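*Asks:* How does the following fold in three dimensions:
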Amino acid sequence: MDAQPFQLPLFVDLAAVFLMAITGAIEAIRREFDIIGLFVLALATGVGGALIRDGVFLQNGISPILLDDRYLMAVAAAAVAGLIFGTRAVLSTRLIAWVDALALGAYAVVGVEKTLALGLGFVPAVLVGVVNACGGGVLRDIFIGERPMVFKPGQFYAFAALVGCLIYVPLRTHTDLPPLAVALGSIAVTFGLRVLAISLNWSTVPIGEKGILRKRPRR
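*Replies:* Model (predicted):
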C-alpha cells in the first residue's frame, strides 16, 4: 500500500523549528554570546536540519524555509523566548534536553513525510528523517566548537529519531490509520525514548568497549 498524499499541519513543522531554535538560543546564553550570536545560533539550530534536507537530499526547488516568513518568525520568537527565560533555563540541563527531544521527534516526522511525498521509498525516507531531526543539533554543536552529539557516546539521540522514523514509515505506507495520528504517535515514541534515556541514563559506549549499549553510572 502506497502512502496517500498528506500534508502535515504547518504547526508541526513550525513547532519543531521553534523548539529546536530555543535550544540554540539557550546554548548561546550559556556560552555568553551577544544578541547577534544568539540569533545566528538559534537560526542555525532551528532550520539547519531542514536546509540540509532540502538542499542536499530532496532538492525539490526552493526550501519552504525561504518561501514562508513564518519559519523565520518562529526562529525570532524562539530567540526572544531565550532572552526572556534563557537565564533560568540554562540552570536546567534536563529541561533543555526535553525540549530538544520534542523537537527531535517532530522534525523526524516532517523529514520522513516530505520524502514520502516525493515518491521515495523506505530507506531514503528514514535517512532524510534522521538527518532532518539531527541536522540542526549538529550545526549547533559545530558552531560552538564541540564534537556533535550524534558522533559521541551518550544518551540516545540519533537512535531515538531513527526509531521514530522506523515506526512512522510502515504505519503510513501499510495501514489506513489517520496520517496525523501516525505522526503524533511517532513523535510521542521518539520523545518518550529520548526522555527515558535521559531519566534512566541509557547510553551508548565507544566502539572497542565490551558491548555497544549500557547504563552509565551517574556523575
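*Asks:* When you work out contacts or count neighbours from here on, use the C-alpha atoms and nothing else.
*Replies:* OK.
*Asks:* Tell me the buried residues in the strand or helix carrying Val12?
*Replies:* Using DSSP states H and E, the element containing Val12 is helix 10-30. By 16 or more other Cα atoms under 10 Å, the buried positions in helix 10-30 come out as 12-29.
*Asks:* Can you check the pLDDT for Leu91?
*Replies:* Looking at Leu91, its pLDDT reads 55.
*Asks:* do Phe156 as well
*Replies:* 85.
*Asks:* give me every residue that touches Ala125.
*Replies:* Ala125 sits next to Gly111, Val112, Glu113, Thr115, Leu116, Cys165, Val169 when contact means Cα atoms under 8 Å, 6 or more residues apart in numbering.
*Asks:* Narrow those to those in strands?
*Replies:* Among the contacts of Ala125, none falls in strands (DSSP state E).
*Asks:* now, which of these sits nearest Thr190?
*Replies:* Of all these, Thr190 sits closest to Cys165, with 8.5 Å by Cα to Cα.
*Asks:* State the distance from the nearest residue to that closest one once chain neighbours are set aside to Val169.
*Replies:* Leaving aside its chain neighbours, Cys165 sits nearest to Val126 (5.4 Å; criterion: Cα to Cα, 6 or more residues apart in numbering). Per Cα to Cα, to the nearest Å, Val126 is found 7 Å from Val169.
*Asks:* Spit out the residues that contact those two alike.
*Replies:* In contact with both Val126 and Val169: Val112, using Cα under 8 Å, 6+ apart.
*Asks:* Strands of the chain, residue ranges please.
*Replies:* 202-204, 213-215.
*Asks:* Could you check stretch 69-87 and say which residues are buried?
*Replies:* Of all the residues in stretch 69-87, those buried under the rule 16+ other Cα under 10 Å are 71-72, 74-83, 86.
*Asks:* want to try TSV for the contacts of Ala125, with distance to Arg94 as columns?
*Replies:* Below are the contacts of Ala125 laid out as TSV (distance: Cα to Cα, whole Å):
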residue	distance to Arg94
Gly111	26
Val112	27
Glu113	29
Thr115	32
Leu116	33
Cys165	24
Val169	30
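*Asks:* which stretches of this structure have low pLDDT?
*Replies:* 1-6, 86-93, 208-219 (pLDDT under 70).
*Asks:* Counting residues, what is the longest helix that it contains?
*Replies:* Ranked by residue count under DSSP state H, the longest helix found in the chain is helix 93-117.
*Asks:* now the angle between helix 10-30 and that one, please.
*Replies:* 140 degrees (axes from the mean of the first three to the mean of the last three Cα atoms, to 10 degrees).
*Asks:* Which strands and helices lie in contact with helix 93-117?
*Replies:* Applying 3 or more Cα pairs under 8 Å, 6 or more residues apart in numbering; DSSP states H and E, one finds that helix 93-117 contacts helix 10-30, helix 122-143, helix 158-174, helix 179-200.
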